[in-house]
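Student: Need coordinates for the below:
(one chain, ligands or ions: 1)
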Amino acid sequence: MITQILRSRSLIHAANKLAPLSSARCLSTFDKHRSVFEALGLDKTNNKGVFDGDWKGSGPVVPSYNPVNNEVIAEVITGTTGDLNVAFEKVAEAQKIWRELPVPKRGHVLLTMRNALVENLQPLGKLVALEMGKILPEGIGEVQEYIDILEYALGLSRMLQGSVIPSERPGHAMLETWNPLGTVGIISAFNFPVAVYGWNCAIALVTGNGTVWKPAPTTSLVSIAVTRIIAKALKEHDLPPSLCALVTGGSDVGSAMAADKRAHVLSFTGSTNVGREVGKVVQGRFGRSILELGGNNALIVTDDCDLDLATRAILFAAVGTAGQRCTTTRRLIVQESVYDTLIERLKKAYQQVKVGDPLDQGVLCGPLHTKEAVEIYKTALHRVKQEGGEIIIGGKVIEDGPLKHGNFVEPTMTRVRPDMEVVQNESFVPILHTMTYKTLDEAIAINNNVAQGLSSSIFTSNPSTIFKWIGPSGSDCGIINVNIPTNGAEIGGAFGGEKETGGGRESGSDSWKQYCRRGTCTINYSGTLPLAQGINFG
Ligand code: UN1
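Tutor: Presented below is the predicted three-dimensional model:
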C-alpha cells in the first residue's frame with residue numbers, strides 16, 4: 001500500500017520513467033554546465049546512486065530531467081531494497097565508532113562538513129537549480145540552510161545538556177542522559193533536496209546517530225553530490241564514511257525503510273496521504289517518526305498594516321520557488337476594506353514577475369518540477385471555476401515561445417470563498433487563493449479551519465492583534481509569523497506543524513531531543529536503601 005502512495009510528492013517523472021538514454025538525446029544541459037557537474041564529481045551516465053562506504057547501485061538506471069526543457073540531464077544507477085539492507089548494516093557498524101566520540105569532537109567533524117559545503121556552495125546551488133528547477137539564489141539559499149544548521153549543530157556540540165533533578169531520597173543523585181538512538185532514516189522530498197536532509201543529518205550526527213538517506217527519485221544527482229561532500233569530510237577525520245549512507249530509488253526503497261526496525265527514527269517529508277501511512281508503519285514497529293507533511297498556509301492582511309510590506313512579502317510567499325515550498329502561502333485572507341487596494345498592488349507585482357530559466361538573471365519564477373505538477377495546476381484552476389471562484393490574474397500554462405518545452409505556468413491569483421472545497425487542500429503550484437474577512441476572530445477562524453497546520457502569518461501594526469494571534473485563541477499552526485511571509489523560516493527555530501502536517505519538529509530549538517533516547521538515571525551513593533514515596537518494604 002505504502003509502495004504506491006510513497007510516490008505522491010516525490011514523484012517519479014512518470015512520462016519518462018526509466019527511459020533509456022539514447023545517445024543523442026539531449027544532454028545539452030550537461031554539456032552546457034559541464035563545469036558544475038565536474039566540480040561535484042558527476043558524469044553523464046553511470047552515476048552510482050548508492051553509497052554505503054562504497055559507491056554502487058543494483059537498481060534500475062533512472063534519468064534525471066531538466067524541468068526547463070524536459071531534457072535528460074544525466075543518468076543514475078539507483079538502489080534496491082537489497083542495497084538498503086546492506087546500507088543499514090554499514091551505518092550501524094560506523095555508528096558504533098561515532099557514538100563513542102566526545103560530542104565536541106563530533107562538532108569538529110561537522111565543522112569540516114560545513115567548510116566543504118561553503119567551498120561547494122556555488123556549484124551545488126546551481127545543481128539544485130538545474131535538477132529541481134528553483135531559481136539560483138534559492139538553490140544557493142538552501143545549501144546555505146545546510147551550512148547554517150551545521151553551525152548550529154557545532155554550537156550544540158558544546159551545549160547538549162540534560163537536567164539534574166533534586167532527588168527525594170538522601171544520598172541519591174538524579175539526572176537525565178541523552179544518548180543516540182542509532183540510525184536515522186531520512187526520506188526527503190524534491191522541493192528542498194539539500195536543506196531538509198541537511199537539518200536531519202546535522203542534528204542526527206551531533207547527537208551521535210548515523211543516517212540512511214532516501215531522496216526523491218527526481219533529485220538523485222543532488223543527493224549524490226551532497227553525499228560525496230559529506231563522505232570526504234568524514235574520511236578527513238579517519239571516520240567511516242558509511243556513517244552517512246545514501247540509497248536512491250523508488251517507493252519500494254522508501255517503503256522498506258519505513259518498515260525497517262533499524263531506522264530508529266524515520267524522518268519523512270512529503271504529502272499527508274503518504275505520511276499517514278508512513279506514520280502507521282513506523283508506529284506499528286514502535287519506531288519514532290518525524291513527519292513533515294502537507295501545509296495549507298494562510299497569510300492574513302489586516303487594515304492597520306503596512307500594505308507595501310505585505311505586498312512584497314506575499315509575492316515571495318506565493319510565487320517564490322514557483323509555489324513549491326511546504327511553507328508557500330496558499331490562502332490570502334484580507335480585511336474587506338483593504339482588499340481592492342491590496343489586490344491592485346499584487347496584480348502589478350505579479351505582472352512584473354519574470355517566468356523563465358531559473359539560472360537566468362532577473363527570473364523570479366522557474367518551472368514546476370514535473371509535468372504532473374502542470375496537470376495539478378490545471379485541475380486546481382478548473383475546480384476553482386467549477387465551484388464559482390474566479391481567476392484574477394494568471395491562470396495559463398505556458399505552451400508557446402521559448403519556454404514551451406518546460407513545465408512553466410503563470411503565477412496565479414484566484415478569488416474564492418474560504419469554505420470552497422478546492423481551498424481545503426494544498427496544490428503544490430503557484431496558485432494563491434484570495435478571500436475577505438470582516439473581524440479578526442473571523443480571520444483567525446478561517447486560518448485554523450483547515451485540516452493542516454504548518455505555517456501562518458499576519459500583517460498588522462496593532463500589538464493586541466499580535467498577541468492574540470500568537471496566544472491560545474490564535475493561529476493553531478507550528479509556525480506563527482507576524483509581518484513576514486509564511487515561508488523562509490530560519491534554521492534556529494523548530495520547524496514543523498500541527499494537525500495533518502504531522503506534528504514533527506526538525507532543525508533548531510530542542511528538536512535534537514527527538515534524535516535521542518532519554519535516560520532518567522537515579523544513582524544511590526548512600527550505602528543504604530531508602531525507597532521513594534517513603535515505602536518501608538520488609
Ligand atoms: C520545505 O518546503 O519542505 O521555511 C522546507 C522555508 C524553508 C524550508 C522549507 N526554510 O520555506
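Student: Do you know the pLDDT at the residue in the stretch 101-250 of the chain positioned nearest to the ligand?
Tutor: Going by Cβ to the nearest ligand atom, the ligand is nearest to residue 192 of the stretch 101-250 of the chain, at 4.5 Å. To be clear about C-beta, it is placed using only N, CA and C from the backbone, and glycine gets the same treatment. For residue 192, the pLDDT comes out at 98.
Student: Look at the residue lying closest to it once chain neighbours are set aside and report its pLDDT.
Tutor: Spatial nearest neighbour of residue 192, excluding adjacent residues (Cβ to Cβ, 6 or more residues apart in numbering): residue 142 at 5.6 Å. Listed pLDDT for residue 142 reads 98.
Student: Tell me the residues of the stretch 401-538 of the chain that contact the ligand?
Tutor: 487-489 (Cβ under 6 Å from any ligand atom).
Student: since we're on residue 34, how many residues are nearby?
Tutor: 12 (other Cβ atoms under 10 Å).
Student: residue contacts, it?
Tutor: Not one residue lies near residue 34 by Cβ atoms under 8 Å, 6 or more residues apart in numbering.
Student: Next: residue 319.
Tutor: Counting by Cβ under 8 Å, 6+ apart, residue 319 has contacts 350, 353, 364-365, 411, 430.
Student: The same query, at a cut-off of 6 Å, please.
Tutor: 353, 365, 411, 430 (Cβ atoms under 6 Å, 6 or more residues apart in numbering).
Student: quick one, longest helix in the chain?
Tutor: helix 136-156 (DSSP state H).
Student: what comes up buried for it?
Tutor: 136, 138-150, 152-154, 156 (16 or more other Cβ atoms under 10 Å).
Student: ok, now stretch 85-104?
Tutor: Here stretch 85-104 shows 86-88, 90-91, 94-95, 98 as buried, counting by 16+ other Cβ under 10 Å.
Student: Pull the residues that contact it.
Tutor: 52-53, 157-158, 160, 180, 183, 208, 210, 212, 240, 242-243, 245, 247, 262.
Student: give me that answer again for 7 Å
Tutor: Counting by Cβ atoms under 7 Å, 6 or more residues apart in numbering, stretch 85-104 makes contact with 50, 52-53, 157-158, 160, 180, 182-183, 206, 208-210, 212, 239-240, 242-243, 245, 247, 260, 262, all of which sit outside it.
Student: returning to that earlier point: report the secondary structure state of the residue of the stretch 101-250 of the chain closest to the ligand.
Tutor: Under DSSP: H, G, I helix; E, B strand; the rest coil, the three-state class of residue 192 is coil.
Student: these two touch, right, it and residue 143?
Tutor: No - checked against Cβ atoms under 7 Å, the pair residue 192 and residue 143 is beyond contact range at 10.6 Å.
Student: thinking again about what came up before, okay, the buried residues of stretch 85-104 in JSON lines with distance to residue 391, secondary structure and pLDDT next?
Tutor: Formatted as JSON lines, those follow (distance: Cβ to Cβ, whole Å; DSSP: H, G, I helix; E, B strand; the rest coil; pLDDT from 0 to 100):
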{"residue": "86", "distance to residue 391": "51", "secondary structure": "helix", "pLDDT": "98"}
{"residue": "87", "distance to residue 391": "47", "secondary structure": "helix", "pLDDT": "98"}
{"residue": "88", "distance to residue 391": "49", "secondary structure": "helix", "pLDDT": "98"}
{"residue": "90", "distance to residue 391": "52", "secondary structure": "helix", "pLDDT": "98"}
{"residue": "91", "distance to residue 391": "49", "secondary structure": "helix", "pLDDT": "98"}
{"residue": "94", "distance to residue 391": "53", "secondary structure": "helix", "pLDDT": "98"}
{"residue": "95", "distance to residue 391": "53", "secondary structure": "helix", "pLDDT": "98"}
{"residue": "98", "distance to residue 391": "54", "secondary structure": "helix", "pLDDT": "98"}
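Student: ok, and of these, which contact the ligand?
Tutor: Answer for those near the ligand: none qualify (Cβ under 6 Å from any ligand atom).
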